[in-house]
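Q: the following comprises the amino acid sequence and a computationally predicted model.
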Amino acid sequence: QVQLMESGGGLVQAGGSLRLSCAASGSIFAIDAMAWYRQAPGKQRELIAELTSSGAATYYADSVKGRFTFSRGSAQNTINLQMNSLTPEDTAVYYCHADISTGADDYFRPYWGKGTLVTVSS
């Protein structure tokens with residue numbers, strides 16, 4: 001069984017910073033791409049940043065480019081999202097996503113964390 005667990009959400013004032021982390025655990029054989037999504041109230045879930053298995057960030061949404069940095073964590077199977085210059089428009093539930101294989105004969109399947117709430121006050 002595979003689990004993704006996000007942490008680091010909370011309440012912050014506009015202009016502030018937060019750092020989200022996501023840890024993948026369980027019967028993991030290999031991890032392909034990992035990504036962060038977010039879903040604001042009344043809106044669809046959107047991809048905001050994606051990281052390849054090599055650790056290179058391949059995509060940032062225009063809305064976060066230059067303010068958010070996606071990186072692999074120091075611990076195995078962890079990723080971080082450093083969010084700076086936050087605005088109320090960044091208020092959303094942030095989800096971790098990863099394509100994970102649980103065995104040599106298994107294909108990569110999508111897994112989601114339960115999400116962590118980020119609230120930015122004006």
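A: Received it, and whenever you're ready, just let me know what you need. Please read all numbers here as calculations on a predicted model, not as lab measurements.

Q: in its sheet, which strands sit next to the helix or strand harbouring A98, and in what direction?
A: Secondary structure from DSSP states H and E places A98 in strand 92-101. Strands that pair with strand 92-101, judged by DSSP bridges, come out as strand 30-39 (antiparallel), strand 109-112 (antiparallel), strand 116-121 (antiparallel).

Q: any residues touching that strand, and which ones?
A: 2, 4-6, 9, 20, 22, 24, 28-41, 43, 45, 79, 81, 107-118 (Cβ atoms under 8 Å, 6 or more residues apart in numbering). For every residue, glycine as well, the C-beta is placed using N, CA and C.

Q: before we move on, back to that, and the strands paired with strand 92-101: which comes nearest S85?
A: Between S85 and the strands paired with strand 92-101, the tightest spacing by Cβ to Cβ is seen for strand 116-121, at 10.2 Å.

Q: low-confidence ranges in this structure?
A: 55 (pLDDT under 70).

Q: mind jotting down where the strands sit in it?
A: Counting by DSSP state E, the chain has these strands, from start to end: 2-7, 10-13, 18-26, 30-39, 46-51, 57-60, 68-72, 78-83, 92-101, 109-112, 116-121.

Q: mind putting these in JSON lines, mean neighbour count included?
A: Converted to JSON lines, these look like this (neighbours: other Cβ atoms under 10 Å):
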{"stretch": "strand 2-7", "mean neighbour count": "17"}
{"stretch": "strand 10-13", "mean neighbour count": "12"}
{"stretch": "strand 18-26", "mean neighbour count": "18"}
{"stretch": "strand 30-39", "mean neighbour count": "20"}
{"stretch": "strand 46-51", "mean neighbour count": "19"}
{"stretch": "strand 57-60", "mean neighbour count": "15"}
{"stretch": "strand 68-72", "mean neighbour count": "18"}
{"stretch": "strand 78-83", "mean neighbour count": "21"}
{"stretch": "strand 92-101", "mean neighbour count": "21"}
{"stretch": "strand 109-112", "mean neighbour count": "14"}
{"stretch": "strand 116-121", "mean neighbour count": "17"}
